[in-house]
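**Student:** quick one: sequence and predicted model below, then my questions.
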Amino acid sequence: MNENYKNWDHQHVWHPFTQMKEYLAEDSLVIERAEGNYVIDTEGHRYLDAISSLWVNVHGHAKKEINDAIKAQLDKIAHSTLLGSANIPATELAKKLVDLVHEKLKTEKINHVFYSDNGSTAVEVALKIAFEYWQLKTPKKEYSQKQKFVSFRDAYHGDTIGAVSVGHIEMFHEIYRPLLFPTIQAPSPKDPECLDWVKNRFKKDAQKIAAVVIEPLVQGAGGMIVQPDGFLKKLKSLCEQYEVLFIADEVATGFGRTGTMFACEQEGVVPDLMCLAKGLTGGYLPLAATLATSEIYEAFLGNYSEYKTFFHGHSYTGNQLGCAAALANLDIFEKEKVLESLPSKIQTLTESLQRLKSLSSVIEIRQKGLMVGIEIGPYPLESRVAHKLCLAARKKHILIRPLGNTIVLMPPLSITEDEINLLCAVVYDLISAL
Ligand SMILES: Cc1ncc(COP(=O)(O)O)c(C=O)c1O
């Protein structure tokens, strides 16, 4: 039976971000079920899910409250369209997200939620709204040239064409360049010159720039690159000074990953548009939200004949099952005081990672909250050292994945301190054996 799944997988499934020739030559892992922080394969082996099933899982798998919420919703309705009608969970969730943002970001400016299905679409929506906002804003003559986007070296915002256009990871994005719309690539936020560069560019070209798009505090897929303290706040004030919209892509950083509910909180930044996905449903279902300020939303209001409508939407926009899961996810944050439990876990992780610094193959350890990148090397990327290390971790019942030569740890917020120590001990042993 098990062999069947492996065979069918090899014969028919084209895996994402995967060199299939390499994959077909490796041992397969077929996941059958999960309990808490562990996923379990068809042979009954349990693996600590130390990448939160690609940065989505929050409170562990098969969490009773989320399971129950989805089941209860399923007995009512799975899906109806949000085009021209509302539904109960999408309405409740919009209210809850707006209240949450008001509380956490200490602002009442953000009041509107546009749903989609994943992180990439949340970014596409933000880009299109930002673009259209300036086209709609009056006096038109002054603003209609604001059509360009600024994003940063090593940025990753998803895989759809707009999101790839504002992405700057050479390996993922370069081949598509002829297909993409041109964007302005600013230096890496960790480059001390970055803010001056942005300021000079704004001075010269702000009348042509619609928005800046940034992963706040940490560039995730770029290799867990942590921004210097104060960077985000200074970037936001440049945006205010030069009338450039600020899009915070909190797809990876949202829902506690950096130690607070949202990364923007830590710098007191209120974005104009905010993209949420991944952890929104606790890692259960594909749902995303792009949050907008009232000022932006109101620019789209008018008589139908003015054609100010935001002509965008997906079949599953505002899906009831996803929204029910998201509501249960947010309830758990409150009931289990999840954010309050994070500082000691983060501290344990920091301490446990200390020991790795002495290893000669460790170039740098980057950490923000429960997001960690351990850069090893120097190894040519083709040698696949980090990839092989992650396969070896699997033999020790730990699931991790690399980004180039960086080993990523991004456990669910429900990870225990014992599990953190175990995870770091396994990674230590594997790196020291290189
Ligand atoms: C910051 C950021 N934005 C957007 C995305 C795209 O999300 P999705 O894979 O759900 O389309 C990701 C995915 O890793 C991300 O890290």
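**Tutor:** Structure's in. What do you need? Please read all numbers here as calculations on a predicted model, not as lab measurements.

**Student:** skipping adjacent residues, who's closest to the residue nearest the centre of the chain in space?
**Tutor:** Nearest to the geometric centre of the chain sits Ala252, at 2.1 Å (CA atoms, centre = their mean). Leaving aside its sequence neighbours, Ala252 sits nearest to Gly220 (CB to CB, 6 or more residues apart in numbering; 3.9 Å). (Glycine included, C-beta is placed from N, CA and C.)

**Student:** that neighbour: what's it in contact with?
**Tutor:** Listed by CB atoms under 8 Å, 6 or more residues apart in numbering, the contact partners of Gly220 are Trp55, Tyr156, Ala252, Thr253, Met371.

**Student:** tell me the one of those residues nearest the ligand?
**Tutor:** Closest approach between the contacts of Gly220 and the ligand, by CB to the nearest ligand atom: Ala252, at 3.6 Å.

**Student:** so the closest one sits against Val218, correct?
**Tutor:** Yes: between Ala252 and Val218 there is a contact at 7.2 Å, judged by CB atoms under 8 Å.

**Student:** now for the two: what residues contact both?
**Tutor:** With contacts taken as CB under 8 Å, 6+ apart, Ala252 and Val218 have Met371 as neighbours in common.

**Student:** from Lys388, how far out is whatever residue of the stretch 101-250 of the chain ends up closest to the ligand?
**Tutor:** Closest contact between the stretch 101-250 of the chain and the ligand, by CB to the nearest ligand atom, is at Gly119 (2.1 Å). Applying CB to CB, to the nearest Å, the value for Gly119 to Lys388 is 28 Å.

**Student:** now do Ala62
**Tutor:** 31 Å.

**Student:** and the stretch 201-350 of the chain, which residues reach the ligand?
**Tutor:** By the rule CB under 6 Å from any ligand atom, the part of the stretch 201-350 of the chain lying against the ligand is Glu215, Gly220, Ala221, Asp249, Val251, Ala252, Ala277, Lys278.

**Student:** can I get those in JSON lines with distance to Ile40, secondary structure and pLDDT?
**Tutor:** JSON lines is the format used below for these (distance: CB to CB, whole Å; DSSP: H, G, I helix; E, B strand; the rest coil; pLDDT from 0 to 100):
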{"residue": "Glu215", "distance to Ile40": "32", "secondary structure": "coil", "pLDDT": "99"}
{"residue": "Gly220", "distance to Ile40": "27", "secondary structure": "coil", "pLDDT": "98"}
{"residue": "Ala221", "distance to Ile40": "27", "secondary structure": "coil", "pLDDT": "98"}
{"residue": "Asp249", "distance to Ile40": "32", "secondary structure": "strand", "pLDDT": "99"}
{"residue": "Val251", "distance to Ile40": "27", "secondary structure": "coil", "pLDDT": "98"}
{"residue": "Ala252", "distance to Ile40": "26", "secondary structure": "coil", "pLDDT": "98"}
{"residue": "Ala277", "distance to Ile40": "26", "secondary structure": "coil", "pLDDT": "98"}
{"residue": "Lys278", "distance to Ile40": "22", "secondary structure": "helix", "pLDDT": "98"}
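
**Student:** which one of these is nearest to Glu351?
**Tutor:** Of all these, Glu351 sits closest to Gly220, with 22.9 Å by CB to CB.

**Student:** can you pick out the most distant pair from the residues of the stretch 201-350 of the chain next to the ligand?
**Tutor:** Farthest apart among those by CB to CB are Ala221 and Ala277. That separation is 13.4 Å.

**Student:** neighbour-wise, which of these two wins?
**Tutor:** Using other CB atoms under 10 Å as the criterion, Ala221 and Ala277 rank with Ala277 on top: 28 against 22.

**Student:** was I right to think that one contacts Gly119?
**Tutor:** Yes: the criterion here is CB under 8 Å, and Ala277 meets it with Gly119 at 3.8 Å.

**Student:** intersection of neighbour lists for those two?
**Tutor:** Val251, Ala288.

**Student:** residues from the stretch 51-200 of the chain in reach of the ligand?
**Tutor:** Asn118, Gly119, Ser120, Val123, Tyr156, His157, Gly158.

**Student:** between Gly119 and Lys388, which is the more surrounded one?
**Tutor:** Counted by other CB under 10 Å, Gly119 and Lys388 do not tie: Gly119 has more neighbours, with 28 against 14.

**Student:** can I get the CA coordinates of the helix or strand of the chain with the lowest mean pLDDT in CSV?
**Tutor:** Taking mean pLDDT, DSSP states H and E as the measure, helix 170-173 is the helix or strand of the chain with the lowest mean score, a mean of 88. C-alpha atoms of helix 170-173 as CSV (Å, rounded to 0.1, in the frame of the first residue of the first chain):
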residue,chain,number,x,y,z
GLU,A,170,18.3,35.7,-8.4
MET,A,171,17.9,31.9,-8.5
PHE,A,172,14.1,32.0,-8.3
HIS,A,173,13.3,35.1,-10.3
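
**Student:** residues contacting it, please?
**Tutor:** Applying CB under 8 Å, 6+ apart, the contact partners of helix 170-173 are Tyr156, Asp159, Val164, Gly167, Leu180, Ala221, Leu381, Gly404.

**Student:** buried members of those into PyMOL, please.
**Tutor:** In PyMOL, this line selects whichever of the contacts of helix 170-173 come out buried by 16 or more other CB atoms under 10 Å:
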select buried, resi 156+159+164+167+180+221+404
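
**Student:** show me which pair in the contacts of helix 170-173 is furthest apart.
**Tutor:** The widest separation within the contacts of helix 170-173 (CB to CB) is 23.0 Å, between Leu180 and Leu381.

**Student:** Pro139: neighbour count?
**Tutor:** A total of 7 residues lie near Pro139 under the criterion other CB under 10 Å.

**Student:** how much space separates His102 from Leu339?
**Tutor:** 16 Å.

**Student:** again with Ile398
**Tutor:** Distance of Ile398 to Leu339, computed by CB to CB: 25 Å.

**Student:** now Ala252
**Tutor:** The gap separating Ala252 from Leu339 is 17 Å, by CB to CB.

**Student:** can you point out the buried residues in stretch 411-422?
**Tutor:** Pro411, Pro412, Leu413, Ser414, Ile415, Glu419, Ile420, Leu422.

**Student:** which of the residues you listed fall in helices?
**Tutor:** Glu419, Ile420, Leu422 (DSSP state H).

**Student:** sec struct for the residue of the chain positioned farthest from its centre, please.
**Tutor:** Relative to the centre of the chain, the most outlying C-alpha is that of Ser305, 37.2 Å out, by CA atoms, centre = their mean. Of the three states, Ser305 takes helix under DSSP: H, G, I helix; E, B strand; the rest coil.

**Student:** please identify which pair of the residues of the stretch 51-200 of the chain next to the ligand lies farthest apart.
**Tutor:** Farthest pair in those (CB to CB) is Asn118 and Tyr156. Separation: 13.5 Å.

**Student:** lovely, talk soon.
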